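[1] need a structure here:
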Amino acid sequence: MREVGIGIAGFGTVGGGVLSILRSHAGDIEARLGARIAVRRVAVRDEGKERAIGLAPELLTTRVEDLLEDPGIAVVVELMGGVDQAFALVRGALERGKHVVTANKALLAARGDEIFRLAREKGVDVYYEAAVCGGVPIIRTLREALASDRINALHGIVNGTTNFILTAMDEQGARFEDALREAQKLGYAEADPTLDVSGGDAAQKLCVLAQLAFGARLRPQDVLTEGITGLSPEDFRWGREFGYALKLLAVARRTGPADGAAPGAPDQIEARVHPAFIPLGSLLAGVRGAMNAVVLHSEALGPSMLYGQGAGAMPTGSAVVSDIIDLTRNILAGSPGRVPLPPDRPLVELRPHAEVRCAYYLHFSVKDAPGVLARTASKLAERRISIAAVQQREQNDQGKPVPLVILTHQAREADLRGAIDEIDRDPTTLAPTRLIRIETV
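    I've put the predicted structure just below:
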């Protein structure tokens, strides 16, 4: 039977899942491929470390160069994480004409353009299904299943840690700090959760998705990014009163050419990651715990949703092995490049964040004094911001702030920010205004 050799760099949680699947499903994989996938080398930091999955000593190496120098390895699987070392490995593999599978969204967000350019030059493939949403096949859907369609909008819950925390805050009334500790205790959050709770992880993933969905060229710093650390249980209670669920969303939306652009100008897209209220009856509102989901709106198909586990050894390992199988098929058929890499030039432009338009939830803490609501409404009206709903709570304790909640109709981000700056400077405003965007998914 024919064999295709692979080398794996990194043998942590995901690497263990990959080896487990390759072993336990070997018979099924060989029957489907008509060939055997042979693991030639596994690069690790410590050869002597005890591992749940045993490996023959001759397979282990501490030198990633061994994967590059072995002529029997046709596919290099990068599971190291990080950017610099991973990029050096991937570049070395591509330069030697080896195909690459990676689960590294940080690498693709930071150095994807260089990686894809080199792969095109060398006539080899780069597959990366596991880089976003673990085992949920969103990459394959965008690259293949919807290749004939035109994506107009993408809304995703792409970080399981934050969705677990927000679910606990919603269902248990937990404070952010308590929900985070519970997530860490159960293994859903890292000891240092900054990348997750700041929205940074989701922004990296959105860069990857926006490139496939729209032909965008984004870096994480290009994405409007806000995390969840400023949310309180009170926001969830207000949201339920208005018929909303609160989620950390990754949003990319086609908005058409820039205002006043010449005919034939490229479309613009919004690209943002932030907490958002969404209708309780929407597709994403019921995504609970550490699950991931992405809703796509495309011209031919309309709305569609992919849902599943976004992390863990087996879900992510399953996506990696699927990529290995696809690459093996290409190698056996002599058809590298069967699925084209992302375009080598941007097809859309990034819409300035100040021009984003959506509805907003505004939570003011104000003095219990006559005319406060009128002054607040007047400041919004001066910026052409229309009010959709107002709620105010009475405060029994004299001198304590009174919560004033306003929902707006669609407004321009720059106008809203300007109004909030003025309102927050007013002496009747006792705390910075909390802003949460409202999305119709």
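[2] mind listing the helices for the chain?
    For the chain, applying DSSP state H gives helices covering 13-24, 26-33, 65-69, 84-95, 105-122, 138-140, 160-172, 176-185, 194-197, 200-214, 233-242, 313-333, 372-382, 413-425.
[3] helices or strands up against the third one?
    With contacts defined as 3 or more Cβ pairs under 8 Å, 6 or more residues apart in numbering; DSSP states H and E, the secondary structure elements packing on helix 65-69 are strand 2-9, strand 35-43, helix 84-95. Glycine gets a C-beta too; all of them are placed from N, C-alpha and C.
[4] and the longest one, what's buried?
    Going by neighbour count (16 or more other Cβ atoms under 10 Å), the buried part of helix 84-95 is A86, F87, L89, V90, R91, G92, A93, L94.
[5] could you do the shortest one as well?
    Using 16+ other Cβ under 10 Å as the burial criterion, the residues of strand 2-9 that qualify are V4, G5, I6, G7, I8, A9.
[6] what does the second one give?
    Within strand 35-43, the residues scored as buried using 16+ other Cβ under 10 Å are A35, I37, V39, R40, R41, V42, A43.
[7] count the neighbours of the closest residue to R338 other than its chain neighbours for me.
    Among residues not flanking R338 along the chain, N330 sits closest, at 5.3 Å (Cβ to Cβ, 6 or more residues apart in numbering). Other residues near N330 come to 20 when the count uses other Cβ atoms under 10 Å.
[8] still on that earlier bit, and of the buried residues of strand 35-43, the nearest to R254?
    Taking Cβ to Cβ as the measure, R254 sits nearest to I37 out of the buried residues of strand 35-43, at 39.0 Å.
[9] please report how far the closest one lies from P263.
    From I37 over to P263 the distance is 51 Å, taken as Cβ to Cβ, to the nearest Å.
[10] just R417 next, same as before
    32 Å.
[11] with neighbour numbers in mind, choose between the two.
    The neighbour count for R417 versus P263, taken as other Cβ under 10 Å, is higher for R417 (13 against 5).
[12] how about the contacts made by that one?
    A354 (Cβ atoms under 8 Å, 6 or more residues apart in numbering).
[13] ok so, going back, V294: which of the helices and strands packed on helix 65-69 is closest?
    V294 sits nearest to helix 84-95 of all those, at 24.4 Å, using Cβ to Cβ.
[14] read off the pLDDT value for the nearest residue to Q211 once chain neighbours are set aside.
    Leaving aside its chain neighbours, Q211 sits nearest to P342 (4.9 Å; criterion: Cβ to Cβ, 6+ apart). Predicted confidence (pLDDT) for P342: 90.
[15] residues near P342, how many?
    20.
[16] same question, the one 10 residues further on
    In terms of burial, P352 registers 13 neighbours under the definition other Cβ under 10 Å.
[17] for it, grab phi and psi.
    phi -60, psi 140 (degrees, to the nearest 10).
[18] what residues are up against the closest residue to E171 other than its chain neighbours?
    In space, and not counting its chain neighbours, E171 is closest to R288: 7.9 Å by Cβ to Cβ, 6+ apart. Neighbour list for R288: N163, T167, E171 [criterion: Cβ under 8 Å, 6+ apart].
[19] which among the residues you listed end up buried?
    Among those, those buried by neighbour count (16+ other Cβ under 10 Å) are N163, T167.
[20] closest one of the contacts of R288 to A26?
    Ranked by distance to A26 (Cβ to Cβ), the contacts of R288 are led by N163 at 34.0 Å.
[21] quick one: the closest one and L248 touch, right?
    Yes - in this structure, N163 is within contact of L248 by Cβ atoms under 8 Å, at 6.8 Å.
[22] where do the contact lists of the two overlap?
    Common neighbours of N163 and L248 (Cβ under 8 Å, 6+ apart) are I157.
[23] pretty sure R96 contacts L68?
    Yes - using Cβ under 8 Å, R96 is in contact with L68, at 5.7 Å.
[24] neighbour count: those two, which is higher?
    Each of R96 and L68 has its neighbours counted (other Cβ under 10 Å); L68 has more, 21 against 16.
[25] please report how far G243 lies from R45.
    51 Å.
[26] ok, E78 touching G92?
    No - checked against Cβ under 8 Å, the pair E78 and G92 is beyond contact range at 10.5 Å.
[27] neighbours around the nearest residue to S318 once chain neighbours are set aside, how many?
    Distance criterion Cβ to Cβ, 6+ apart; nearest residue to S318, sequence neighbours excluded, is G135 at 4.7 Å. Neighbourhood size, G135 [other Cβ under 10 Å]: 21.
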